[in-house]
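Chemist: After the sequence you'll find the predicted model.
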Amino acid sequence: ANILLRGDGKTGIRKEDCFTATDYPVNACDIALMNPPFPHKKTDVPPERFVERALEALRLRGRIAVILPTSLTVKKENAGWRKQILTHNTLLGVVQLPDELFQPYASATTTVVLLEKGIPHDARRETAFVRLHYDGLTLKKGIRVPRSDGRNQVPDTVDAIVNKRVIPGFSGVAAIQPGDEWAPGAYIPSAPPDEDELRTSIDELLRRWTSFYIRYAREVATQRKAIANGEIDVHPYRNLLSDAKRSNASNLPAEPGTIGGMFDIYYGMKELHSREGIPPGDSLIISPTEEYNGCYGWLTYRPLIEPPFITVAQTGSIGEAFVQTEPCAVNDDCLVLLPKPDVDVPLAGLVVAAAAIRLERWRFNYGRKLTPARIASFRVPTSGDLERWVEDRLDAWAKICESAVDVYSEA
């Protein structure tokens, strides 16, 4: 826009329509760099057409780097387009960009796709996938400014693509079949989270946990009284599950030190898929929301699940994981993670595991659903110092939680 306002000069940039220009270059260029507009309505030109048009401009073995909405690279409804592209071109690499890249102007999740024209994709060829989390800038007061810590993964991203590096948590390689999803989150192996990031995630998780008790102290006290009086029954979740659900959970990967190795992963309660017709009541209901530790509200529903355990949102606030310490019922848009019978997971361990899952949210979106199999391989760090730190934080926040509930318990 600045070039157009000040005059073209020697840049060669023109105000023109690439679809109608009579002198648009065809089979004439070596490189295409694109950030096509993302459609806002059905009548807008979809980004797929811009990609196809750019490919027409390239010579044989010319290369394109294009910023696309991540949904285009993962949704099943776009599988046909991805297959068509790979019939005539090679997928060289895919880079997931920082979530805040286009904020505050837009919040779309974006991906850079790298293609080579004219060489049909060989299904045996390895494609590089990278999660570029730090690009040297951060969002501050609506402006992206240099990071104070200087973290910049752009050079490492280039290296990972060129040399096909496998770096858990950052980059991976995979042989892509026509129609497969192109999501980096599907092909980058999990890594134990950075401890600073993990502590930040734990701190936020415990504050969300505390916010639930502050917001719903009266309701928690009421539910506790109803349980004590036998008005609400509470059961271990395994006792409420069908044999089929137990069998499905037992077939998940269970490598030591991972979510699947520590927890049995089940779906929530199908009966709560639709809450229509269920009257308000005194039973805590958990749903895929990021507020108040996942609390949807309070309904008349029995029975409740015995805590503690972890819930993970599959839809809505995808990937939000919380530790539930009150009996509750869980909507089937959430997963329920129960410590395996032969694995001792203290409350602090539940907090660490939930925080680790939250740090992997970048792998999922509305086009790429969170499933038990997709979180089973996530690494969970084990550290005596970390667990003691979490225990101290838990004790401090728990005093606040119980003080709030006591106000109504004594009433």
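Modeler: Alright, I've got the coordinates. Residues are numbered from 1 along each chain as shown.

Chemist: what about the strands in the stretch 1-150 of the chain?
Modeler: Along the stretch 1-150 of the chain, the segments classed as strands by DSSP state E, counting those that start in this stretch run 29-34, 58-69, 89-96, 110-117, 126-131, 137-140, 143-146.

Chemist: any low-confidence regions in the chain?
Modeler: Applying pLDDT under 70 to the chain picks out residues 1-12, 103-108, 411.

Chemist: if I pick the most centrally placed residue in it, what's in contact with it?
Modeler: Centroid-nearest residue in the chain, with CA atoms, centre = their mean: Arg361, separated by 2.4 Å. Neighbouring residues of Arg361 by CB atoms under 8 Å, 6 or more residues apart in numbering: Ile318, Gly319, Glu320. Yep, even glycine has a C-beta here, placed from its N, CA and C like the rest.

Chemist: just checking, Ile161 is part of a strand?
Modeler: No. Assessed with DSSP: H, G, I helix; E, B strand; the rest coil, Ile161 is helix; it does not lie in a strand.

Chemist: how close does the residue nearest to the centre of the chain get to Tyr267?
Modeler: Distance from Arg361 to Tyr267, counting by CB to CB, to the nearest Å: 19 Å.

Chemist: got it, and Glu306?
Modeler: 17 Å.

Chemist: which of the residues in the longest helix belonging to the chain are buried?
Modeler: When the chain is parsed with DSSP state H, its longest helix is helix 384-409. If you call a residue buried by 16 or more other CB atoms under 10 Å, then helix 384-409 has these buried ones: Leu386, Glu387, Trp389, Val390, Arg393, Leu394, Trp397, Ala398, Cys401, Ala404, Val405, Tyr408.

Chemist: Distance from the chain centre to that helix, please.
Modeler: 28 Å (CA atoms, centre = their mean, to the nearest Å).

Chemist: Could you pull out the helices in the chain for me?
Modeler: Going by DSSP H, the chain shows helices at 2-6, 47-57, 70-74, 79-88, 154-163, 184-187, 195-215, 217-228, 243-250, 259-262, 347-358, 372-375, 384-409.

Chemist: Between helix 217-228 and the longest one, find me the angle.
Modeler: For the pair helix 384-409 and helix 217-228, the angle between their directions (axes from the mean of the first three to the mean of the last three CA atoms, to 10 degrees) equals 90 degrees.

Chemist: What helices and strands are in contact with helix 384-409?
Modeler: helix 195-215, helix 217-228, helix 347-358 (3 or more CB pairs under 8 Å, 6 or more residues apart in numbering; DSSP states H and E).

Chemist: Out of the ones you listed, the one nearest Gly172 is which?
Modeler: For Gly172, the closest of the helices and strands packed on helix 384-409 is helix 347-358, at 18.4 Å, according to CB to CB.

Chemist: That closest one vs helix 384-409, what angle?
Modeler: 100 degrees.

Chemist: Identify each buried residue in helix 347-358, please.
Modeler: Residues of helix 347-358 classed as buried by neighbour count (16+ other CB under 10 Å): Ala348, Gly349, Leu350, Val351, Val352, Ala353, Ala354, Ala355, Ala356, Ile357, Arg358.

Chemist: tell me which of those is nearest to Ala217?
Modeler: Val351 (20.8 Å).

Chemist: wait, that closest one sits on Leu394?
Modeler: Yes. Contact criterion CB atoms under 8 Å: Val351 and Leu394 qualify, at 6.8 Å.

Chemist: Now stretch 71-84 - C-alpha only, CSV.
Modeler: In CSV, the C-alpha atoms belonging to stretch 71-84 read as follows (Å, rounded to 0.1, in the frame of the first residue of the first chain):
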residue,chain,number,x,y,z
SER,A,71,-8.0,-25.1,8.3
LEU,A,72,-7.3,-25.5,4.6
THR,A,73,-4.4,-27.9,5.5
VAL,A,74,-6.3,-30.1,7.8
LYS,A,75,-10.1,-30.2,7.1
LYS,A,76,-11.4,-33.3,5.5
GLU,A,77,-13.5,-31.2,3.1
ASN,A,78,-10.3,-29.8,1.6
ALA,A,79,-8.7,-33.3,1.2
GLY,A,80,-9.6,-33.4,-2.5
TRP,A,81,-7.9,-30.1,-3.2
ARG,A,82,-4.7,-31.2,-1.3
LYS,A,83,-4.7,-34.4,-3.3
GLN,A,84,-5.1,-32.5,-6.6
